[in-house]
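**Q** got a sequence here, can you build the structure:
(2 chains)
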Amino acid sequence: MRARDVGLASCHSCGLLLHLPGAGHTHCPRCGSAMHFRKVNSISTTWAFLLAAMIAYVPANLYPVMTVVSFGKAQSDTIMSGVIYLFLHGDWPLALIVFVASVLVPLLKMCALVYLLISVQRKSHLRKHQRTRLYRIVELVGRWSMVDIFVVALLAALVNVGAIATIEPGVGAIAFTSVVILTIFAATNFDPRLIWDR
Amino acid sequence: MVASNQPPELEDVPDAIVDEAVKGFPVVWLLPLVALLVGGWLYYKTLSEKGPAITISFETAEGIEAGKTQIKFRDVSFGLVDDVDIADDLKTVVLTATMEAGTAQYLTDASRFWVVKPRVGASGVTGLGTLLSGAYIAFEPNTTGKKQKSFVGLEKPPIVSQDKEGSRYRLRTETLGSLSVGAPVYFRQFDIGEVTDYQLAADYSYVDVGIFVQSPYDDYVRERTHFWNVGGISMSMDASGVKVEMESLVALLSGGIAFETLPEFAGSPAASEGAVFPLYKNRAESLARPITEVISYALKFTGTVRGLSIGAPVEYRGIRVGTVKNIMLGKDPQHEGVVSPVVVMDIEPQRIMGYRDVDDSDPSRREARALETRPQQRIAFLVEKGLRARLQTGSLVTGQLFVDLDIFPDAEPATVITGGLYPEIPTLPNSLQGIIASVNKILDKIEQSNLEETLTNLNVLMVSTSSLMSSLERDAPALLKEMGTTLQTANGTLAALEATVSADGEIGNQLQDALKEFGAAARSIRVMAEYLERHPEAMLKGKSGNR
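**A** Take a look at the predicted model:
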């Protein structure tokens, strides 16, 4: 039995338990927060964030994340070219880390969210436990993708030695930040309870 | 009822307040839209910033790196080499490059590409900067011409960039000499241009040399400008001695061209771009007036013509009027079946200044004009007046000969001999030959005079002298005897004389006495003189010793 089945829901803000009518917008009489059984438009909002993230993922990988200007010679690197560079220079463990954190994780995260959304929309009853665990992993891992952005931001701020070496963040960095943030939003907006709704 | 089974507290659960329904577009869906818009804008921006992709082919890709080598114009990046590939025929290297946006208009069939790398040439070292930065591809934009995307790169940097102002000309020369591309062009020893290219003419009959003269010096190139080669060292030996000429050290290494416009041609119109000029071997040759009209004459010499070369000058009283054209053997008109040297010379009437400048209007000058304007007649006239040709030594050092024309009024009268291949001007032997002839004449005279008679006379003289001597020889002993007696007598006389004169002799004693007396007299005179000196009054009063 779910709280929803007896028309009950607690306020997100103050925790007050309320009777909710089946339809219509309601709010908490005590604190004034909007009241819902489930996150409002969870699937649609998640889809919106997810789609935006997927769109941003393209420039994030095609445009240079940072440009190193050294002795008047500028070298721009995308995420993948950086990975290839590291791999070719023998730093394959580092290459692997960058690849996993910056390419694979956002991609898998988006795939996972798509899978969750579609499965919920199709009211699938299969592997509800696994799906819930998947959701928890997605939510947990999401913020770690920001490491790349922190590195670029730090380097851009620190390495600024004029003609000898300057590091400038590229368009790709902004796009990549957008991907990370948008996927975090998408994950937050997804209501895992929907997995268990019939 | 389900509700009744609920714990009573649940009944107290208050109801949520129902809001008015707010229907509308979910704002969150603007996000993908924004993402789409931004993404689309980025894509568009990249596309619009991306210039045209071009291909350039080179013989080698030395120093070129895909993704690093830039295409620059005036050190501003115009593009980047993306890819280096070998052409399908394996003969060239094809570079694929992305140019900056907005450069499409500069990419025409007149645009040029070449690789800038360190180069060492005769005229200096270039591209040293690329030692550190690596080679780059220089690009010379050109908006004129047909647009294209596939180029053939130059293997060598062009000598003259297209935006340099100036003019290009073509020179024709028989041989290239020491000219090389990039060789300087001098005007009054100012380096004002360069040799841009050279090639053989299609029929191999001449060498076609392209030069570039910078503005504003191209203004000095007129239609009658002379160009000559100043490359290397030019050494010449002729009747005027040995000449060594060198324009500059650079010209010595890489060759060079100089030009000059004679003052009388300074007014001629400026040469048009691409005008063709002859390129002479040296300045003297270039400044020689263009000879278009020659009259050939034959000269027959009886003596040797050793030292005379083809091209030797023909001078009239020291002024050049022609050139020796040919030297050969011909029939000697005086001796049947004998050959003698024949010199063919070209009289160049154009060298005779002023022969055209005769006033036409004056009828009294008409005859003179006829002579002036018709060199053959003039020469015939001069020959009648005594014009003769002879060989003269031009330089004692080199022994080179030249043909000297002069008027010898005393010469045997002669005329121009016509009828042969060339009209013939009578000749005289040269000065050395003249001397030899004079000596010969003297010898002849000596030979012809009565030498035998003289010798006979001399012989007679000798015979008489000889008889005289023999008679002398016969009388000599008697003479000697007499001479001995005479000497003895003379000896006796001298001995007697000696005895008389000696100190013990009679004369001697007398002489000694006389001398003693003389001495005493001298002493008393001295005493008197001394006394008088002390007592001058003695002259009047007499000796006063007694008082």
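
**Q** count of residues packed around residue 158?
**A** No chain in the question, so chain A it is. 9 (other Cβ atoms under 10 Å in any protein chain shown). Using the backbone N, CA and C atoms, a C-beta is placed for each residue, glycine as well.

**Q** that's the wrong chain, I meant chain B
**A** Counted with other Cβ under 10 Å, residue B:158 comes out at 15.

**Q** just give me the neighbour total for the residue nearest to it when sequence neighbours are not counted.
**A** If you skip the residues right next to it in sequence, residue B:158 has residue B:112 as its closest partner in space, 6.0 Å away by Cβ to Cβ, 6 or more residues apart in numbering or on different chains. For residue B:112, the count of nearby residues is 18 (other Cβ under 10 Å).

**Q** helix or strand: which one has residue 95?
**A** In the absence of a named chain, this looks at chain A. Assigned by DSSP states H and E, residue A:95 belongs to helix A:92-98.

**Q** ah, I was thinking of chain B
**A** strand B:93-100.

**Q** which strands and helices lie in contact with that strand?
**A** strand B:50-58, strand B:76-86 (3 or more Cβ pairs under 8 Å, 6 or more residues apart in numbering or on different chains; DSSP states H and E).

**Q** run through the bridge partners of whatever residue of the stretch 201-350 of chain B ends up closest to chain A.
**A** Closest approach between the stretch 201-350 of chain B and chain A, counting by Cβ to the nearest Cβ: residue B:214, at 32.5 Å. Taking DSSP bridges as the rule, residue B:214 bridges to residue B:166.

**Q** can you pull the contacts of it?
**A** B:164, B:165, B:166, B:192, B:193 (Cβ atoms under 8 Å, 6 or more residues apart in numbering or on different chains).

**Q** and the first one, how many neighbours?
**A** Residue B:164 is flanked by 12 other residues according to other Cβ under 10 Å.

**Q** hang on, the earlier thing: the residue nearest to residue B:158 reaches residue B:159, doesn't it?
**A** No - assessed by Cβ atoms under 8 Å, residue B:112 is found out of contact with residue B:159, at 11.6 Å.

**Q** contacting residues for residue A:132?
**A** A:192, A:195, A:196.

**Q** quick check: closest non-adjacent residue to the first one.
**A** The one in question is residue A:192. residue A:135 (4.9 Å).

**Q** kindly report the same for the last one.
**A** In this structure, residue A:196 finds its nearest non-sequential neighbour in residue A:128, 6.1 Å apart by Cβ to Cβ, 6+ apart.

**Q** quick check: the gap between the one you found and chain B.
**A** 25 Å (Cβ to the nearest Cβ, to the nearest Å).

**Q** can you pull the pLDDT of that residue?
**A** pLDDT recorded at residue A:128 is 83.

**Q** re earlier: which residues sit against the very next helix or strand once past the helix holding residue A:95?
**A** Once the chain leaves helix A:92-98, the next helix or strand it forms, by DSSP H and E, is helix A:105-121. The contact list for helix A:105-121, computed with Cβ under 8 Å, 6+ apart, reads A:43, A:46-47, A:50, A:53-54, A:57, A:60, A:126, A:131, A:134-135, A:137-138, A:141-142, A:144-145, A:176, A:179-180, A:183, A:186-187, A:190, A:194-195.

**Q** do that again at 6 Å, thanks
**A** A:43, A:46, A:50, A:54, A:134, A:138, A:145, A:179, A:183, A:186, A:194 (Cβ atoms under 6 Å, 6 or more residues apart in numbering or on different chains).

**Q** wait, which of those residues is closest to residue B:326?
**A** residue A:179 (96.4 Å; Cβ to Cβ).

**Q** now do the buried residues in the helix or strand encompassing that closest one.
**A** Residue A:179 is part of helix A:171-189 when elements are defined by DSSP H and E. Neighbour-count burial for helix A:171-189, counted by 16 or more other Cβ atoms under 10 Å in any protein chain shown, picks out A:171-187, A:189.

**Q** mind checking how far residue B:449 is from chain A?
**A** 107 Å.

**Q** make a markdown table from the contacts of residue A:132 and add distance to residue A:153, pLDDT and secondary structure to it.
**A** Shown next, in a markdown table, are the contacts of residue A:132 (distance: Cβ to Cβ, whole Å; pLDDT from 0 to 100; DSSP: H, G, I helix; E, B strand; the rest coil):
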| residue | distance to residue A:153 | pLDDT | secondary structure |
| --- | --- | --- | --- |
| A:192 | 32 | 81 | coil |
| A:195 | 36 | 81 | helix |
| A:196 | 40 | 80 | helix |
